[in-house]
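A.B. asks: coordinates for the following, if possible.
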Amino acid sequence: MAMVVTDPCIGCKDKACLPVCPVECFHSNEDEPMVYIDPDECIDCGACVSECPTEAIFHEDDVPDQWKSFIELNAVKSATCPSAHE
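C.D. replies: Presented below is the predicted three-dimensional model:
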């Protein structure tokens with residue numbers, strides 16, 4: 001299981017979640033309106049949850065029903081976007 005970034009992240013410029021990730025599993029690029037978590041890299045530590053200013057990050061099992069599509073979106077987009085930690 002992994003953490004999942006959901007809809008409230010769209011447009012967030014803060015990115016306070018990035019520095020606390022011990023495995024640097026966030027991905028994005030300049031054309032993306034949000035960041036994505038690579039489910040294969042995420043160690044499910046939850047450190048990013050409390051740092052997210054928009055409360056957009058959930059454990060995969062706890063993603064609200066209206067945002068379940070973000071589970072797959074994170075997997076797909078993290079595979080095509082570069083690391084957001086660079």
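A.B. asks: show me what contacts the closest residue to V20 other than its chain neighbours?
C.D. replies: Counting by Cβ to Cβ, 6 or more residues apart in numbering, A47 is the residue found nearest to V20 once chain neighbours are left out, at 4.4 Å. Using the backbone N, CA and C atoms, a C-beta is placed for each residue, glycine as well. A47 is in contact with 20-22, counting by Cβ atoms under 8 Å, 6 or more residues apart in numbering.
A.B. asks: buried sites along the biggest helix by length in the chain?
C.D. replies: The single longest helix within the chain, with elements called by DSSP state H, is helix 69-80. Along helix 69-80, these residues count as buried under the neighbour rule (16 or more other Cβ atoms under 10 Å): 70-71, 73-75, 77-78.
A.B. asks: can those go into JSON lines with extra columns for distance to V4 and pLDDT?
C.D. replies: Putting these into JSON lines (distance: Cβ to Cβ, whole Å; pLDDT from 0 to 100) gives the following:
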{"residue": "F70", "distance to V4": "6", "pLDDT": "98"}
{"residue": "I71", "distance to V4": "5", "pLDDT": "98"}
{"residue": "L73", "distance to V4": "9", "pLDDT": "98"}
{"residue": "N74", "distance to V4": "5", "pLDDT": "98"}
{"residue": "A75", "distance to V4": "9", "pLDDT": "98"}
{"residue": "K77", "distance to V4": "11", "pLDDT": "97"}
{"residue": "S78", "distance to V4": "10", "pLDDT": "97"}
